[in-house]
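S.K.: what would the 3D arrangement of this be:
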Amino acid sequence: MGITQQNPRTVLAYSSVSQMGLLAAALGMGLAEGDTGAALGVSFAAAHHVLAKGGLFLAIGVSAVGGPRLWPVMIPAAILALGLGGLPLTGGMLAKLALKAQFGEGVIGMLAALSAIVSTLLMIHFLRRLAQTMPSDRAPTGLIWPWLLVAFAAVAVPWVLYPTMQIGSLLAAFSPASLWAAAWPILIGGVPALGLWRWGKRLPYLPEGDVVVVGERAVRASIGWARRSNEPTATCANGRWRACCF
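M.R.: Alright, predicted model coming up:
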């Protein structure tokens, strides 16, 4: 749904929906297995998401008034966006490690890896839309430094909290196996992004909110039909009967 959207804010909204589903699945599986540490790991991942997604929404506002700035806008935004897919050395990689105990290595673990691949695709689409919606002229802005501070916090705070929450060690996070496990979904997710750039315009149009919007329209149509059906008849000037309608 998200890759059909053109507004970068809407793309982030769809990403938030998917991330909340991932966290709910991790918490439910952990509780079902009686894992007392599941809530702590999910809370850590949720905290990272709040920081990263808040920073990305702020990046949209900064880019809207600051113009096409590569270093102060796009590069930090790319780090945060790809961090949601688990980019190595970001807080997103630690969030994935915190959820690994709930998903395991079997089929569910592969589905979690697929989620990271799709998140990468969606975030690359977001970065492309962010770059395309920037104004052509630069404008001075006082938001750059607050934005960079939020972006830095989204990366640094998870690294500070991770060893204190007893959900994993930094030494294990820096191991080649952990770095590769975080890197390969990012690499694979970049492949369909190339196809999306080339053929993305052929995707069907979906309104913002998709099934919610369709449901609202269906309800409004059914209410209007019910009103017309229940409206008493009235007599026209020529004496013929007709049904009143709105």
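
S.K.: so G91 sits against A52, correct?
M.R.: Yes: the pair G91 / A52 is scored as a contact, 6.8 Å apart, by C-beta atoms under 8 Å. (Glycine included, C-beta is placed from N, CA and C.)

S.K.: list residues touching both of these two?
M.R.: Common contact partners of G91 and A52 (C-beta atoms under 8 Å, 6 or more residues apart in numbering): G83, A154.

S.K.: against G91, how distant is L82?
M.R.: Distance from L82 to G91, counting by C-beta to C-beta, to the nearest Å: 11 Å.

S.K.: look at these two and report which has more neighbours.
M.R.: Higher neighbour count among L82 and G91: G91, with 30 against 22, using other C-beta atoms under 10 Å.

S.K.: report the contact partners of that one.
M.R.: By C-beta under 8 Å, 6+ apart, the contact list for G91 reads H48, L51, A52, G83, A154, V155, A156, V157, P158, W159.

S.K.: these two touch, right, the last one and L94?
M.R.: Yes: in this structure W159 lies within contact range of L94 using C-beta under 8 Å: 6.8 Å.

S.K.: doesn't P207 lie inside a helix?
M.R.: No: per DSSP: H, G, I helix; E, B strand; the rest coil, P207 lies outside any helix segment and is coil.

S.K.: not counting sequence-adjacent ones, nearest residue to it?
M.R.: Residue nearest to P207 in three dimensions, not counting chain neighbours: V213, with 4.5 Å by C-beta to C-beta, 6 or more residues apart in numbering.

S.K.: sorry, back to before: neighbour count for W159 and L94, which is higher?
M.R.: Using other C-beta under 10 Å as the criterion, W159 and L94 rank with L94 on top: 28 against 15.

S.K.: good, we can wrap up now.
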